[in-house]
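K.L.:
Sharing a sequence plus its predicted fold:
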Amino acid sequence: MDLDKFKYYLIIDVEANCPEKDSVTLEDMEMIEIGAVMVFANTLQKIDEFSTFIRPVRFPQLSTFCTDLTSITQADVDNAPDYPEAITALVRWLKKFDNFLFCSWGNYDKQQFELESTFHNVPYPISAPHLNIKKQFSKSQRVRKRQGMAGALKLAHISIEGTHHRGIDDANNMVKLMPYILGREFIPNYQPAPK
């Protein structure tokens, strides 16, 4: 994919309810937050951001584990729009931009949108092509082992800002990694894997 043909990069991170271990399948997890940041592709300057909590309907009660991991509270989701309402707001926000590439750390976020949209019988909200920036980071930096976002930030000597596992904070942290993801900058003092 020619990454230079896009005018904008849309960086998205979603958080899902995470019931106690093994009590719910991955397919049954529900989004509880969308964090999205739009940047200019040429400068990587942030233009705008979108953030919303989402009220889960299948498993409306957040687990202690989920709240501890994400810092998202029961009150945050109880007062939030449901998935169809949240997606309507996201699509309205996205209409301000054309020619963008949808970027997320791994394929989970894209797959979660697909699963949720199917479950709620609403159209998939993002018509743009998708880039797995976790994979792209490994390729651009010639890192053998795929890194979590926090690990990639550490390799690049970038501090995590905000709360890890909060959608909008993680999306903003991914923006800071974009020069490394795109191969415009390289990890300092790192010995890349041979080609």
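P.N.:
On my side now, so go ahead.

K.L.:
Report how many residues lie close to the closest residue to Cys66 other than its chain neighbours.
P.N.:
Spatially, and ignoring its direct neighbours in sequence, Cys66 is nearest to Cys18 (4.3 Å; Cβ to Cβ, 6 or more residues apart in numbering). C-beta: built from backbone N, CA, C; applies to glycine. Cys18 has 21 neighbouring residues, counting by other Cβ atoms under 10 Å.

K.L.:
Tell me the buried residues in the host helix or strand of Glu85?
P.N.:
Assigned by DSSP states H and E, Glu85 falls within helix 83-94. Applying a neighbour-count criterion of 16 or more other Cβ atoms under 10 Å, one finds Tyr83, Ala86, Ile87, Leu90, Trp93, Leu94 buried in helix 83-94.

K.L.:
JSON lines for those residues, including pLDDT and distance to Ser63?
P.N.:
As requested, the buried residues of helix 83-94 are exported to JSON lines (pLDDT from 0 to 100; distance: Cβ to Cβ, whole Å):
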{"residue": "Tyr83", "pLDDT": "99", "distance to Ser63": "19"}
{"residue": "Ala86", "pLDDT": "99", "distance to Ser63": "21"}
{"residue": "Ile87", "pLDDT": "98", "distance to Ser63": "24"}
{"residue": "Leu90", "pLDDT": "99", "distance to Ser63": "25"}
{"residue": "Trp93", "pLDDT": "99", "distance to Ser63": "29"}
{"residue": "Leu94", "pLDDT": "99", "distance to Ser63": "31"}
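
K.L.:
Redo those as JSON lines? Include distance to Phe119.
P.N.:
As requested, the buried residues of helix 83-94 are exported to JSON lines (distance: Cβ to Cβ, whole Å):
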{"residue": "Tyr83", "distance to Phe119": "8"}
{"residue": "Ala86", "distance to Phe119": "13"}
{"residue": "Ile87", "distance to Phe119": "12"}
{"residue": "Leu90", "distance to Phe119": "16"}
{"residue": "Trp93", "distance to Phe119": "22"}
{"residue": "Leu94", "distance to Phe119": "21"}
